[in-house]
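A.B. asks: only the shape, not the letters, is given here:
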């Protein structure tokens, strides 16, 4: 089966610019997650969707980060405006409802200069 | 477990030896634990899981041990191979399907 697809793989922007990441989960996976992984650290959950509803966004910096999953399938994560400390890999994962195992995409590596 | 910044704990083993990667978790209410493997440039990949009503679970070449008394988890890899070189994360679920990742351990396998 096809895995979680993410694009772009790499993005370089200057601070104060905006950026968007896209994720297409595994077919049939109703739960979708966005994680931020700073170099040398474990992934940190930013937001979790179940279908098109938000389950948990407690660690999402809502003043600059936003995410949507309008049709309950693919999702976009946006940062506006970006800061230097947003440099990280942004990982998308998906799972079946009620299943704890998450399947991750390869991530988007963001560098903010 | 929270981040240890840029200095990931590192384990270096000889090819063919057994590896033991340790993890301390923080929440005594966590009832489900997962080990993920992350190779360079890739996302984490599921290896093995264990529920809190068990203390040991075996997979192919991997074993997870859970000690709830001291909130400790370990991953044992038998006959470590070069392809096992990666960063390994333990993750805990505290219920409600919220997963918290530890800081990770980098495994180097020497040929």
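C.D. replies: Structure received. All figures in this text were calculated on a predicted structure; none of them were measured in a lab.
A.B. asks: any idea which helix or strand comes after the least confident helix or strand in chain B by mean pLDDT?
C.D. replies: Ranked by mean pLDDT, DSSP states H and E, the weakest helix or strand in chain B is strand B:99-101, scoring a mean of 90. Remark: after strand B:99-101, the chain's next helix or strand is strand B:105-110, criterion DSSP states H and E.
A.B. asks: up against chain B, what does chain A have?
C.D. replies: Proximity of chain A to chain B (C-beta under 8 Å from any C-beta of the partner chain) is limited to residues A:4, A:31, A:38-45, A:48, A:55-56, A:91, A:93, A:98, A:100-107. (C-beta placed from N, C-alpha, C; glycine too.)
A.B. asks: so where's chain A uncertain?
C.D. replies: Within chain A, the ranges that satisfy pLDDT under 70 run A:1.
A.B. asks: now it against chain B: closest residue?
C.D. replies: Among all residues of chain A, residue A:104 sits closest to chain B, at 3.0 Å; criterion: C-beta to the nearest C-beta.
A.B. asks: so what's that residue up against?
C.D. replies: Counting by C-beta atoms under 8 Å, 6 or more residues apart in numbering or on different chains, residue A:104 makes contact with A:4, A:91, A:92, A:93, B:42, B:43, B:44, B:45.
A.B. asks: just residue A:92 next, same as before
C.D. replies: A:4, A:6, A:21, A:23, A:25, A:32-35, A:75, A:77, A:104-105, A:107 are the contacts of residue A:92 under C-beta under 8 Å, 6+ apart.
A.B. asks: ok, so of the residues you listed, who is nearest residue B:57?
C.D. replies: Within those, proximity to residue B:57 (C-beta to C-beta) peaks at residue A:104, which comes in at 21.5 Å.
A.B. asks: for the single nearest residue of chain B relative to chain A, give me its contacts.
C.D. replies: When distances are taken as C-beta to the nearest C-beta, chain B reaches nearest to chain A at residue B:43, 3.0 Å away. By C-beta under 8 Å, 6+ apart, residue B:43 lies in contact with A:4, A:91, A:93, A:104, A:105, A:106, A:107.
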